[in-house]
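Quick check, what structure comes out for this input:
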Amino acid sequence: MEHMPYNIKHKRGNNQRSMNKGQVALTAVLFFLVGATAIGIGFTSFAFEETSATRKQLRAKQSYFLAEAGIEDAAYRIREGMTIGTSEVLSLDGQSQTTDIVTVGNNKEITANATYAASVRKIKTILSPSTSDGTINYGLQVGYLGLDMKNKARVNGNVKSNGSIRGVGSGEVLITGDAFVAGGVGNTPHASQTSGSHHYDLHKTTSRLDVAQRFKAASTAKPNKVTFYIKKFGTPGNLEVRVVADDNGDPDYHNDIGSATIAATDVSSSAYDAVTVSFNSTGITKKDFYYWIIIGSSSSASATNYYELEGEGASSYTEGRVRYTQDWTSSGAVWAKHPDNLSDPENLRFAIYMGEETTYIEKITIGQNPPRLSKAWAQTLNDVVVHGFASSTEIKGGSSIYREATCDTLTSGSVDTEHGSPNSPNCTWDMASPAPSTENDPFPSATLIELKNAIINGEDGCTTYNGDYALSADATTTMDCMAINGDFDMSNKARVLLRGNLYVSGVIRMQNFAQIHMDPASFGSSDGFIISDGNIELKNDARLRGNIGAEIYLYLITLSTNTGASPSALLIQNDVNTDAIYSAYGFVEILNHPIIKTAFGQGLNIQNDAEVNYEIGISNANFTGGPSGGWGITTWREVQ
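Sure, this is the predicted structure:
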């Protein structure tokens, strides 16, 4: 029997064991690759699911905001008495939503269905007839003059403004809640006459060197620009344009609010073309007041070098008038109609624009960390910090948005910094949500005038006090409904138990712990008011309160036509405690640490470490006397 040599047999054994080891290793590698692939597929699937879920969430939010835009549009139309059908369709970014309006009893039920990329959301609100005299839906509500916050000012709550919100000075300025600024109105005609079949000559004769067009201001704002339809003949000079106040039916040459120049080279000699010029505005028009737009030429008339403007008599703009004079800057200027004597309302073909074209929020921190749930909206967000969500046409200036943002353009800044978005700077959506609508003044001027006149005329037993009324040095008294023809001063712990509404023709001053409290037995379920034609000053722990527990409030209202920012129509300073402050035509100026339930001003100025603490906005004001009617929001909720 033959045997293999030991060394050959040993070598073959070693080779066999090596092959076995190799097979084991290969098998292990294969198992590892299979496992890794499975894990990779799992993670990939999870990532796809997460991406899909995120997209669905974004589409759901876009659908919700689209539905909410439909609800807001319908509610606004109904509350303002505008035409609206039983079903309305609103389109946005290629998507659409349908709003249905149904009358149920005395109520209006509004349901908005929105579908955005197969994501469906439904919102429903109910409007019921309201007998209130006005509505303040926000803690701080501001008109077209906007909000200035200076030197570490702070608002604890929400702000809604028709004009821009501006941070000024050193130190952080903060709004702890939401901040909404309506879209600019500067490109929408404020007052206009759209047709003109008559031609008004200018600079052709000495008596018609200057022409003026009257209009009525519908809001308190700065003049922006004006358009006329003009044709030139020959080579006339430039035209100067002014906006001035009304003085007993004629233009007031003392009160120049805005100015501009129409260059002769910008005017056609072949057609009555539109010419638009922007104002260098130095003043403010007050709502419900008349103003004039003056077009002035040089002092020497010319039968060959002159202008003509389109216009019309018996025209559609009912507040307008057209007047001529030789020199509008003369104190003895006599204003007259055109010799053709067209019927009033007579208008040039014109359009005047008021307010800002683009609104913004600038150099302000909105919200707090935690909870980072605040919201900010303006057409431009510039150098802001938003602890929450933002929507804007443009975000710039190194702004930081800590949650999601919608925008058309991100010039500079970071979005979703809380989650460390790898694509920052980036807008998570490529479309800004619809601009918030402008808010009407909570109380129409006619309502305030009627409330004032009811006291002056002695309705409901109101009496009259002629002269200044002053209380000081711990004086205590009761006051029934009264018209004070003079100033009203309270100081040094003077106290009033108010049993009726007050009207003051002059200035109201309260300071040094002076207090006014409403008598619950006298007012019952009605709110109270103190209304003044002059400025109002509250200082040094002054206190004005209604029956807060019963949601009965005391309104402090000024009709002062002072439109200056400082001194303002209404000043609140040094730990004042009051329910509601209201400036119908001018600014509210707030300094230091007042407690205010709600405030409205055409402009608002908060400064010098001022900290405004307020509760929720007052939804309805129910005064005794005055007009009533309108619609109030009963419910507003998502139903799908």
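
how about the residue nearest the centre of the chain, what does it touch?
Most central in the chain under CA atoms, centre = their mean is residue 162, positioned 1.7 Å from the mean C-alpha point. Counting by CB atoms under 8 Å, 6 or more residues apart in numbering, residue 162 touches 142, 143, 144, 146, 181, 182, 185, 219, 355, 438, 439. Every C-beta, even on glycine, is put in place using the N, C-alpha and C of the backbone.

What is the burial count for the second one?
The burial metric for residue 143, expressed as a neighbour count using other CB atoms under 10 Å, is 28.

Next, it: secondary structure please.
With DSSP: H, G, I helix; E, B strand; the rest coil as the basis, residue 143 sits in strand.

residue contacts, the nearest residue to it once chain neighbours are set aside?
Spatial nearest neighbour of residue 143, chain neighbours left out: residue 602 (3.6 Å); criterion: CB to CB, 6 or more residues apart in numbering. Taking CB under 8 Å, 6+ apart as the criterion, residue 602 is in contact with 142, 143, 144, 145, 220, 287, 563, 583, 584, 585, 586, 587.

ok, now which ones touch the second one?
What that stands for is residue 143. Contacts of residue 143 by CB under 8 Å, 6+ apart are 161, 162, 163, 219, 220, 221, 441, 600, 601, 602, 603.

quick check, nearest of these to residue 312?
Using CB to CB, residue 219 is the member of the contacts of residue 143 that lies nearest residue 312, at 25.1 Å.

and the closest one, what does it touch?
143, 144, 162, 190, 285, 287, 354, 355.

what about it, which helix or strand?
Using DSSP states H and E, residue 219 sits in no helix or strand.

From residue 221, how far off is the residue nearest to residue 143?
Distance of residue 602 to residue 221, given as CB to CB, to the nearest Å: 8 Å.

shouldn't residue 282 be in contact with residue 257?
Yes - the pair residue 282 / residue 257 is scored as a contact, 6.7 Å apart, by CB atoms under 8 Å.

Those two - which one has more neighbours?
residue 257 (20 against 12).

Parallel or antiparallel, list what pairs with the helix or strand that one falls within.
Using DSSP H and E, residue 257 maps to strand 250-262. Note on strand 250-262: by DSSP bridges, its sheet partners are strand 239-247 (antiparallel), strand 280-281 (antiparallel).

Out of the ones you listed, which gets nearest to residue 452?
strand 239-247 (21.1 Å).

buried set for the closest one?
239, 240, 241, 242, 243, 244, 245, 246 (16 or more other CB atoms under 10 Å).

Strands along the stretch 251-400 of the chain, start to end?
273-278, 280-281, 290-296, 306-312, 322-325, 347-348, 350-354, 360-362, 365-366, 374-377, 380-382, 385-386, 388-396, 399-401 (DSSP state E, counting those that start in this stretch).

so where is the stretch 101-250 of the chain shaky, pLDDT-wise?
106, 129-138 (pLDDT under 70).

per-domain residue ranges of this protein.
What automatic domain parsing lists as the domains of the chain is 1-129, 163-184+359-419, 189-354, 445-620.

Rebuild those as a markdown table, extending it with distance to residue 154.
Converted to a markdown table, the domains of the chain look like this (distance: least, CB to CB, whole Å):
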| stretch | distance to residue 154 |
| --- | --- |
| domain 1-129 | 29 |
| domain 163-184+359-419 | 5 |
| domain 189-354 | 26 |
| domain 445-620 | 5 |
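
among those domains, which is nearest residue 151?
Using CB to CB, the domains of the chain put domain 163-184+359-419 closest to residue 151, at 4.3 Å.

Tell me where the stretch 301-450 of the chain is predicted with low confidence.
In the stretch 301-450 of the chain, residues with pLDDT under 70: 416-433.

now do 50
In the predicted model, the stretch 301-450 of the chain carries pLDDT under 50 at residues 421-425.

out of the contacts of residue 219, which one sits closest to residue 78?
The nearest one, if we look at these relative to residue 78 and count by CB to CB, is residue 162, at 20.5 Å.

gap between that closest one and residue 608?
Residue 162 is 25 Å from residue 608, by CB to CB.

Which members of the contacts of residue 162 define the maximum pairwise distance?
Among these, 181 and 219 lie farthest apart (CB to CB), at 15.3 Å.

Residue 113 - how many residues pack around it?
With other CB under 10 Å as criterion, residue 113 counts 20.

So it: helix, strand or coil?
Taking three-state DSSP, the label given to residue 113 is strand.

What are the boundaries of the helices in the stretch 151-300 of the chain?
Assigned by DSSP state H, counting those that start in this stretch, the stretch 151-300 of the chain shows no helices.

Okay, now the unreliable bits of the stretch 501-640 of the chain?
Residues of the stretch 501-640 of the chain that meet the cut-off, pLDDT under 50, sit at 624-629.

hang on, the earlier thing: mean neighbour count added to the strands of the stretch 251-400 of the chain, as TSV?
Shown next, in TSV, are the strands of the stretch 251-400 of the chain (neighbours: other CB atoms under 10 Å):
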stretch	mean neighbour count
strand 273-278	15
strand 280-281	14
strand 290-296	23
strand 306-312	23
strand 322-325	23
strand 347-348	28
strand 350-354	24
strand 360-362	25
strand 365-366	24
strand 374-377	24
strand 380-382	26
strand 385-386	26
strand 388-396	25
strand 399-401	27
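
circling back to that earlier point, of the contacts of residue 162, keep whichever come out buried.
142, 143, 144, 146, 181, 182, 185, 219, 355, 438, 439.

What is the burial count for the closest residue to the fourth one other than its chain neighbours?
On the basis of CB to CB, 6+ apart, the spatially nearest residue to residue 146 that is not a chain neighbour turns out to be residue 163, at 2.9 Å. Using other CB under 10 Å as the criterion, residue 163 is surrounded by 27 other residues.

got the contact list for residue 163?
Counting by CB under 8 Å, 6+ apart, residue 163 has contacts 142, 143, 144, 145, 146, 147, 181, 221, 355, 356, 359, 603.

The same query, at a cut-off of 10 Å, please.
142-148, 181-182, 184-185, 220-222, 355-356, 359-360, 438, 602-604 (CB atoms under 10 Å, 6 or more residues apart in numbering).

Equivalent analysis for residue 217, please.
Residue 217 neighbours (CB under 10 Å, 6+ apart): 190-191, 223, 243, 245, 284-291, 319, 352, 354.

For residue 465, give me the pLDDT.
What the model reports as pLDDT for residue 465 is 98.

secondary structure element for it?
Going by DSSP H and E, residue 465 is part of strand 463-466.

Which pLDDT value goes with residue 292?
Reported pLDDT for residue 292: 98.

I misspoke; the intended subject was residue 33.
74.

Number the residues from 530 up from this point.
From this message on, residue numbering opens at 530, which makes the last subject residue 562.

Now do the same for it: helix, strand or coil?
Each residue gets one of three states, and residue 562 gets helix by three-state DSSP.

how many neighbours does it have?
Neighbours of residue 562 (other CB under 10 Å): 10.
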